[in-house]
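# I would like to see how this sequence folds:
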Amino acid sequence: METQKKRLYTTLQKYVIEALDQNGGDVLTIDRTTGLIEEKPSGGQTAAGPSSQVEEIYGILGSVQLLSGSYLVVITEVESVGQILDNTVYVIRKTKILPFVDATLEGQEGKDEATYLAMMEKVLQTGYLYFSQYDLTNSVQRQASSAPVDQRFYWNQHLAAPFARLREKWITPIIMGFIEIKRNIVLNGSSFDYVIISRRSVLRAGTRYHRRGIDAAGNVANNVETEQIVISKNAPSEGSSSGSDIAISSYLQTRGSIPLFWEQSIDTSYAPKLALTQPTADFNACKRHFELQTQLYGSQMVVNLINHHGSESRLGTLYRKLVGDLNMPTVNYSEFDFHKEVGGSWEKLSAIYTKLGSRLDEFGFFSGKIDAKTNEIKTISQQKGVFRTNCIDNLDRTNVMQSIFARGILALQLRYLNIASINSEKDLGDSLSSMLRNIWADNADVMSNQYAGSGALKTDFTRIGKRTIAGIINDGVNSVQRYYFNNFRDGFRQDAYDLFLGNYRVAKDKASPFAGRHKPIASVVLVVLLVVLVVRSVLSYVGLERSGWGFGLLSVVAYVGVLGLAWRFFGKKKYGRKLVDLPLLSGNTNK
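Residues are numbered from 1 along each chain as shown. So this is what the prediction gives:
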């Protein structure tokens, strides 16, 4: 099923939107002066007037209030990702932010307005916002229970709010995350569709060092639900009454920050110091978190992959104790020092899977059928619990383990659907295994980019099952990119998330949050130039400023050495927080 295109008419007085597949149906009108949003009968025409500008759009995301007034946000270009049950899934490629009132602001207000618009564009241009007439916010199991749009994954719900009761009809719900669809995969003479959907939660959303841990409501940072769906149209499963019914199965996993109050405040350090911020509040917040997760998913199998040494070990020890103190029968805890226990061996990863295999079997997966006449999802069996995996960032190590769990469950899903007599993921075959590894590595890269600003580490492990020199070099490049973004770009990116999601509301009576905002990159460049000047002067004074590559190399070593030592012992403590890019709209978001 294709997306329902719309036509947007623009005049000086109003915006008028009509659905192109309607004949004489209702149109949506937005008064650009008063902001009044109404649905009216078109009477066979738009009533926009002969002077209107006309363009086709793919959907309305909503509107946002900034300093000069409200702006309408619409989708202007999309790309098809594939189809789920004949519903096309689209990723947004281009949008427009259209002002209700054409106003020009001067001075600081004008600068602030431009910054707010740039923040909105930052989120809209992530490249991983998806929509479809298929409900992307809900898992197959929740859809079978006729669940409404899941607000946890409804990324434009704040933008949709001004449309009130009209939003269900006119607003296009979007998710942020990752979707990959492979259709008509043939195995043993049977075909099936494979879908992976990662849904990023809007609750405590943000960037790596500006959103860590938990809040008082039990929401954790970097919380993502990943669903693996298998659909078969030609292989009746157990409980399917006829070959015309579509058999479907679904498996859910979750990831999220360790549910304690903790933070790492950036100060140009490669690994900022880890601090436990509210130890007396940890118990209640953690309890609330697992109560919510149990309500949503059933039993929890915690898989904690952080190091058992260094700064991570303190956090892991407290997490283990806290889960024990909770004494919740629905929450089970396991931990593995990923780097120590796995090293570079894929076989050792499989050993971890084997240790937890009984829980995977106990929780199972959702299975059902889709009635060929009504398209309703009918439940045959439900998934009774989820694996909640984490490492320190819930990115690299987490994704490797989730890919292992997913492949093991896929073998059971295919066997259930009578597609193949597979006993374990080893029986999937080279072609299918390679496809799955690459999909999960792509998922890792996207999850990492959205949270940490770079591609994932250890994707060679996921793609080919072992560590390689090329993979280690790629990890080095990504680590440098993460360092740069985390220290010098993520304050702006965090502000963009908070503005887009409504965690910060713009108001004219507020003081400018950007007045006097420093430019961290400019500060860094100034410090580097100053050190270069000093070192060059010293080298010249002692007679080492000569031609030749040897002296040139000595100069470079001297520059880097002096800069590093000066910063390590004198500069970081005093100026580190001044050089980095901190969020300004919602304050310290880790509190």
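
# kindly check the end-to-end length of stretch 52-61 for me.
End-to-end span of stretch 52-61 (Cα to Cα, to the nearest Å): 22 Å.

# repeat that for stretch 272-292.
End-to-end for stretch 272-292, by Cα to Cα: 30 Å.

# what residues sit buried inside it?
For stretch 272-292, burial by neighbour count (16 or more other Cβ atoms under 10 Å) applies to 272, 274, 277, 282, 285-290, 292. Where C-beta positions appear, they are placed from N, C-alpha and C, glycine not excepted.

# redo those residues as a markdown table? Include distance to Glu227 and pLDDT.
Shown next, in a markdown table, are the buried residues of stretch 272-292 (distance: Cβ to Cβ, whole Å; pLDDT from 0 to 100):
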| residue | distance to Glu227 | pLDDT |
| --- | --- | --- |
| Pro272 | 33 | 90 |
| Leu274 | 31 | 94 |
| Thr277 | 33 | 95 |
| Asp282 | 30 | 97 |
| Ala285 | 26 | 98 |
| Cys286 | 25 | 98 |
| Lys287 | 26 | 98 |
| Arg288 | 24 | 98 |
| His289 | 20 | 98 |
| Phe290 | 21 | 98 |
| Leu292 | 18 | 98 |
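
# mind checking the pLDDT average for the longest strand anywhere in the chain?
With secondary structure taken from DSSP state E, the chain has its longest strand at strand 69-84. Averaging pLDDT along strand 69-84 yields 97.

# relative to strand 69-84, how tilted is the helix or strand just after that strand?
On the C-terminal side of strand 69-84, the nearest following helix or strand under DSSP states H and E is strand 87-99. In terms of direction (axes from the mean of the first three to the mean of the last three Cα atoms, to 10 degrees), strand 87-99 departs from strand 69-84 by 170 degrees.

# which strands and helices lie in contact with strand 87-99?
strand 69-84, helix 107-124, strand 129-132, strand 175-187 (3 or more Cβ pairs under 8 Å, 6 or more residues apart in numbering; DSSP states H and E).

# so which of the buried residues of stretch 272-292 sit within helices?
Cross-referencing the buried residues of stretch 272-292 against helices under DSSP state H gives 282, 285-290, 292.

# closest one of those to Phe131?
Closest approach between these and Phe131, by Cβ to Cβ: Leu292, at 26.0 Å.

# chain neighbours aside, what residue packs nearest to the closest one?
Leaving aside its chain neighbours, Leu292 sits nearest to Gly218 (5.2 Å; criterion: Cβ to Cβ, 6 or more residues apart in numbering).

# what do you get for Phe363?
Among residues not flanking Phe363 along the chain, Gly385 sits closest, at 3.9 Å (Cβ to Cβ, 6+ apart).

# would you mark the buried spots in the longest strand of the chain?
Neighbour-count burial for strand 69-84 flags 69-75, 78, 81-84 (criterion: 16+ other Cβ under 10 Å).

# and stretch 116-126, by the same measure?
For stretch 116-126, by 16+ other Cβ under 10 Å, it's 116-117, 119-120, 122-124, 126.

# do the same with stretch 255-274
By neighbour count with 16+ other Cβ under 10 Å, stretch 255-274 contains the buried residues 255-268, 272, 274.
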